[in-house]
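K.L.:
only geometry, no sequence info:
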């Protein structure tokens, strides 16, 4: 499975990203506009688009497909559900980049007992440092 990364421009937190996606969602899906269609688009259907916020991979959305947009641009059709992941450092870049399945961070479901017992401020700080 192949994934992709993209910077969440203008978003300083996963909550802001989630609000932005939810506002544009229709029937549980939304589209992300990008200039160029990935040459390996067929390999990414069913994979995820991983969002970069503050130089960290922080959340993902499932890629449902690719469509042609206006002026030759590409629309990435994604599930509207934003899934937090275990933060991992990732330098910002323009456009999108491929991400191999082995390099993708695991989902952060918050079910770890140790993490659940920590104060939210501590979890936020440790997450910002990519330690959890």
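P.N.:
The structure has been received and is ready for your questions. Here the structure is a predicted model, which means the values were calculated and not measured.
K.L.:
helix, strand or coil for residue 71?
P.N.:
helix (DSSP: H, G, I helix; E, B strand; the rest coil).
K.L.:
and it, how close does it get to residue 10?
P.N.:
22 Å (CB to CB, to the nearest Å). To be clear about C-beta, it is placed using only N, CA and C from the backbone, and glycine gets the same treatment.
K.L.:
and these two? Which one has more around it.
P.N.:
Taking other CB atoms under 10 Å, residue 71 and residue 10 do not tie; residue 10 has more neighbours (9 against 6).
K.L.:
and the contacts of stretch 67-82?
P.N.:
14, 17-18, 21-22, 25, 28-38, 41, 49, 51, 59-66 (CB atoms under 8 Å, 6 or more residues apart in numbering).
K.L.:
out of those residues, which end up buried?
P.N.:
Among the contacts of stretch 67-82, those classed as buried by 16 or more other CB atoms under 10 Å are 14, 17-18, 21, 29-32, 34, 37-38, 49, 51, 59-64, 66.
K.L.:
the lengthiest helix in the chain packs against which elements?
P.N.:
Counting by DSSP state H, the longest helix found in the chain is helix 14-24. Under the contact definition 3 or more CB pairs under 8 Å, 6 or more residues apart in numbering; DSSP states H and E, helix 14-24 sits against strand 29-34, strand 48-53, strand 56-68.
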